[in-house]
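Visitor: just coords:
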């Protein structure tokens, strides 16, 4: 190529470069003014965040038999953290297990979608009742019905509803069915209500079946009145609030939300509870292990900025507690095994620019009567080693010392009696409040 030709090419590249930079500037400017979804006429963008959440488990993976639905309405109560002017929900079908062998297809190809026949949201008026006049019909891509493929998610269209901080919403979904075995959370420490037929608009559901399980509903999201972050509580039964007062919202994430979000005040942080009773970090048992469910239950949360990791207790204790019923002899971890699992969660959080906060494992020394085999000297040595690493390694972006908050100073391997629900494993309501009060809120700001 001669000098003249080379000069012409160089000028062309320069001109193209200038055009590319101008186009890039337009794109960046657009991104700056349209961070999420769209801008309304008043110039306010829809900045969605999660305000309430629930994990799901494969049907039959815990202690309750699998449940299916046909021509039934489920009304579930969501105690939100931050309020907002618009609201939407997420329904998930992660573990659809219905199989129709007569189709002649491989099982994974014969699973039908989950059909949602109708859905509504309203303010809860206690129990299964809703506040008159607050009902909003939920649509999905403009339709009042939708079908969620196996493993899929359905996000409802937004509706206008002035949701207060820490308000209670009732989400009703009608399942024409048959659904097959349902994805669920076995124990939510919150009643849900199941009624025959399509009753999503009913003001109350007298005579409805009551359950403390949840089904298909995984998130409530809002447009808050000002931008806030979201913390995900990622743990086991201590995070889900095991043995706290039913319907009282006395889990430690609830008490944390109460510290952060005054009922009629400024919202400061969304709080999503993604605990699973008897959940483990490294192995499936009650639901998927924490490493496996991280992407769905943490990374995929809308607006997530922080995760509190409170897993590992059941990895250390369940092989002894359930050894008489289930052979878990090949699932006995060392403290280093648990630490490596925690390191993986930290690294994956950091990959998503999520701050990872470590929570020390709470004591269970007084559980020998309620859960024989859970606590042993070997267990305690491992728990202390894991807690020492959480406190001193610097691997987490911050530390919450739940162990110190609830242990008995005279017997540090056990819960303080005033903080013990009675089984030596789960704190009482007062214990959960002490856990939340032990959190330095500057970790999130």
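Guide: Received the coordinates, thanks. Worth saying up front: this structure is predicted, and the values here are computed from it rather than measured.
Visitor: wait, doesn't residue 320 sit right on residue 377?
Guide: No: between residue 320 and residue 377 there is no contact under CB atoms under 8 Å: 11.0 Å. Using the backbone N, CA and C atoms, a C-beta is placed for each residue, glycine as well.
Visitor: Mind checking which of the two has more residues around it?
Guide: Neighbours were tallied for residue 320 and for residue 377 using other CB atoms under 10 Å; the higher tally belongs to residue 320 (18 against 8).
Visitor: Let me know the helix or strand that the more buried one is in.
Guide: Following DSSP states H and E, one finds residue 320 within helix 313-321.
Visitor: Outside of the next helix-or-strand element following that helix itself, list whatever touches it.
Guide: Taking DSSP H and E as the definition, the helix or strand that follows helix 313-321 towards the C-terminus is helix 335-351. Residues outside helix 335-351 that contact it (CB atoms under 8 Å, 6 or more residues apart in numbering) are 234, 281-282, 290-291, 294-295, 298-299, 307, 309, 311-312, 315-316, 355-356, 358, 381-382, 385-386, 389-390, 395-396.
Visitor: pretty sure residue 127 is touching residue 191, no?
Guide: Yes: at 7.4 Å, residue 127 counts as touching residue 191 under the criterion of CB under 8 Å.
Visitor: next structured bit after the helix or strand of the chain with the lowest mean pLDDT?
Guide: Sorted by mean pLDDT, DSSP states H and E, the helices and strands of the chain end with helix 3-33, the least confident at a mean of 36. Downstream of helix 3-33, the first helix or strand assigned by DSSP H and E is strand 49-53.
Visitor: Remind me what that next one packs against, helices and strands.
Guide: With contacts defined as 3 or more CB pairs under 8 Å, 6 or more residues apart in numbering; DSSP states H and E, the secondary structure elements packing on strand 49-53 are strand 217-223, strand 229-235, strand 269-275.
Visitor: what angle sits between it and strand 229-235?
Guide: Using axes from the mean of the first three to the mean of the last three CA atoms, to 10 degrees, the inter-axis angle of strand 49-53 relative to strand 229-235 is 30 degrees.
Visitor: Strand 49-53: partners in the sheet, and parallel or antiparallel?
Guide: Paired neighbours of strand 49-53 in the sheet (DSSP bridges): strand 217-223 (antiparallel).
Visitor: Work out the gap between the partner strand and the centre of the chain.
Guide: Taking CA atoms, centre = their mean, to the nearest Å, one finds the center of strand 217-223 at 10 Å from the center of the full chain.
Visitor: and what of stretch 117-131?
Guide: 21 Å.
Visitor: from now on call the first residue 800
Guide: In the new count, where the first residue is 800, that last one comes out as stretch 916-930.
Visitor: Now do that stretch, average pLDDT.
Guide: Taken as a whole, stretch 916-930 carries a mean pLDDT of 98.
Visitor: Residue 928 reaches residue 1003, doesn't it?
Guide: Yes: with contacts defined as CB under 8 Å, residue 928 counts as touching residue 1003 at a distance of 4.4 Å.
Visitor: Overlap in contacts, those two.
Guide: Where contact means CB under 8 Å, 6+ apart, no residue is in contact with each of residue 928 and residue 1003.
Visitor: per-domain residue ranges of this structure.
Guide: The record, using automatic domain parsing to delimit domains, assigns the chain the ranges 849-1024, 1027-1244.
Visitor: Can you name the residues that contact the spatially most central residue of the chain?
Guide: The residue lying closest to the centre of the chain (CA atoms, centre = their mean) is residue 1073, at 2.9 Å. Under the criterion of CB under 8 Å, 6+ apart, the contact partners of residue 1073 comprise 852-854, 1031-1034, 1038, 1096-1097, 1100.
Visitor: repeat that with 10 Å
Guide: 849, 852-855, 984, 1017-1018, 1031-1034, 1038-1039, 1052, 1089, 1092-1093, 1095-1097, 1100, 1106-1107 (CB atoms under 10 Å, 6 or more residues apart in numbering).
Visitor: which residues are common contacts for residue 926 and residue 990?
Guide: Common contacts of residue 926 and residue 990, defined by CB under 10 Å, 6+ apart, comprise 874, 876, 1007, 1009, 1046.
Visitor: By neighbours, which of the residues you listed wins?
Guide: Most crowded among the shared contacts of residue 926 and residue 990, counting by other CB under 10 Å, is residue 874 at 26 neighbours.
Visitor: Check whether it really touches residue 1013, as I assumed.
Guide: No: the pair residue 874 / residue 1013 is not scored as a contact, 11.1 Å apart, by CB atoms under 10 Å.
Visitor: and for those two, which residues touch both?
Guide: Overlap between the neighbourhoods of residue 874 and residue 1013 consists of 970, 991, taking contacts as CB under 10 Å, 6+ apart.
Visitor: just the strands in the stretch 900-1049 of the chain please.
Guide: Counting by DSSP state E, counting those that start in this stretch, the segments of the stretch 900-1049 of the chain that form strands are 913-915, 917-922, 935-936, 945-947, 952-954, 958-962, 967-974, 983-984, 991-995, 1008-1010, 1013-1014, 1016-1022, 1028-1034.
Visitor: Distance to residue 845 added to those strands, as TSV?
Guide: Converted to TSV, the strands of the stretch 900-1049 of the chain look like this (distance: least, CB to CB, whole Å):
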stretch	distance to residue 845
strand 913-915	23
strand 917-922	17
strand 935-936	16
strand 945-947	21
strand 952-954	13
strand 958-962	12
strand 967-974	19
strand 983-984	28
strand 991-995	29
strand 1008-1010	34
strand 1013-1014	26
strand 1016-1022	5
strand 1028-1034	15
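Visitor: do you know which of those lies nearest residue 881?
Guide: strand 1016-1022 (6.5 Å; CB to CB).
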